[in-house]
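Peer 1: Sequence isn't available, so here's the structure alone:
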Ligand SMILES: O=C(O)c1ccccc1N[C@@H]1O[C@H](COP(=O)(O)O)[C@@H](O)[C@H]1O
C-alpha cells in the first residue's frame, strides 16, 4: 500500500475481524450504532471490540441523525477517537457535535450527480473529514452500506479539497485500485465489499481489500 493510502473498515462486529483489519493495516475501524444496519453493534459489544484496537488505529462510531442523548450513551460507553455522522445532520449540527464531545467528526456526503458535490464545500468548513459516499437508492432503509458505487468520474481532478476526505460506496477488493486511480482518493472506506453475507465480515476479503488499495 502506498504509505499515503489509509483504509477504514466499517461495521465490524467480531473480534477476529477487528484483528484481521488491524493486522492487515487498517487505519480506521468503524463501529455501526445504527440499529437498522446488518452491521449494528450495541454499545457493550462495540466497547469490547474497541479494547482490541491498538493505539494508532482510530476507532470511529457511525451514527445516523442521533440525538445528544444517544451520542452521550455511545461516547460514555465506548472509547472512541472519531464520530462519523452519516445522516442528514446540518453543518450546525456537525459543529455542535464536535464541540460537545471534543472528538473529530467525519461527515458523510451522498453523491449521485455533480450538483451533490456542493455539500462538500459547505461541510468542509465544520467537519474534520468528509466521507464521499454513494447516495442511497430511494426508499433504502440504510443511508449508507448499500454496496453501490457512484460515478467516480465526478471526482476526477478534485483531490485537493482542503478537508481530508475518504471515498466510499460499493468499494471491494476488485475495484478499489481503479477507484483510487480515477478519483485521486488517499483514503478509502468499505463495509459490504469485505463481507461474505450482509453484516458478516470475511478476513480474506479484508486482507485483499487492503492489499489492493496498496
Ligand atoms: O454499513 C452500514 O450498514 C451503514 C448504515 C448506515 C449508514 C452508513 C453505513 N455504512 C457506511 O457506508 C459506507 C459505504 O458502505 P458500502 O461499502 O457501500 O457497503 C461504509 O463504509 C460505512 O461508512
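Peer 2: Cool, got the structure. Here the structure is a predicted model, which means the values were calculated and not measured. Residues are numbered from 1 along each chain as shown.
Peer 1: Confirm that residue 130 lies within a strand, as I assumed.
Peer 2: Yes. Under DSSP: H, G, I helix; E, B strand; the rest coil, residue 130 sits within a strand.
Peer 1: Report the beta-bridge partners for it.
Peer 2: residue 107, residue 165 (DSSP bridges).
Peer 1: What separation do you get for it and the ligand?
Peer 2: 12 Å (Cβ to the nearest ligand atom, to the nearest Å). The C-beta positions use only the backbone N, C-alpha and C, and glycine is treated the same way.
Peer 1: Could you do residue 124 as well?
Peer 2: Distance, residue 124 to the ligand, using Cβ to the nearest ligand atom: 18 Å.
Peer 1: For that residue, which residues are in contact?
Peer 2: With contact taken as Cβ atoms under 8 Å, 6 or more residues apart in numbering, residue 124 is in contact with 130, 161-163.
Peer 1: hey, where'd the strands end up in the protein?
Peer 2: 6-10, 28-32, 58-63, 82-85, 105-111, 129-134, 165-167, 187-190, 195-197, 200-201 (DSSP state E).
Peer 1: Export those as JSON lines, with columns for mean neighbour count and mean pLDDT.
Peer 2: JSON lines is the format used below for the strands of the chain (neighbours: other Cβ atoms under 10 Å; pLDDT from 0 to 100):
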{"stretch": "strand 6-10", "mean neighbour count": "25", "mean pLDDT": "98"}
{"stretch": "strand 28-32", "mean neighbour count": "26", "mean pLDDT": "98"}
{"stretch": "strand 58-63", "mean neighbour count": "24", "mean pLDDT": "98"}
{"stretch": "strand 82-85", "mean neighbour count": "24", "mean pLDDT": "98"}
{"stretch": "strand 105-111", "mean neighbour count": "24", "mean pLDDT": "97"}
{"stretch": "strand 129-134", "mean neighbour count": "24", "mean pLDDT": "97"}
{"stretch": "strand 165-167", "mean neighbour count": "25", "mean pLDDT": "96"}
{"stretch": "strand 187-190", "mean neighbour count": "26", "mean pLDDT": "98"}
{"stretch": "strand 195-197", "mean neighbour count": "14", "mean pLDDT": "97"}
{"stretch": "strand 200-201", "mean neighbour count": "19", "mean pLDDT": "96"}
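Peer 1: want to throw those strands into TSV with distance to residue 146?
Peer 2: Formatted as TSV, the strands of the chain follow (distance: least, Cβ to Cβ, whole Å):
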stretch	distance to residue 146
strand 6-10	13
strand 28-32	13
strand 58-63	14
strand 82-85	16
strand 105-111	10
strand 129-134	7
strand 165-167	15
strand 187-190	12
strand 195-197	12
strand 200-201	16
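Peer 1: Count the neighbours of the nearest residue to residue 16 once chain neighbours are set aside for me.
Peer 2: Closest residue to residue 16 apart from its sequence neighbours, by Cβ to Cβ, 6 or more residues apart in numbering: residue 203 at 6.6 Å. Neighbours of residue 203 under the rule other Cβ atoms under 10 Å: 17.
Peer 1: Alright, I will stop here.
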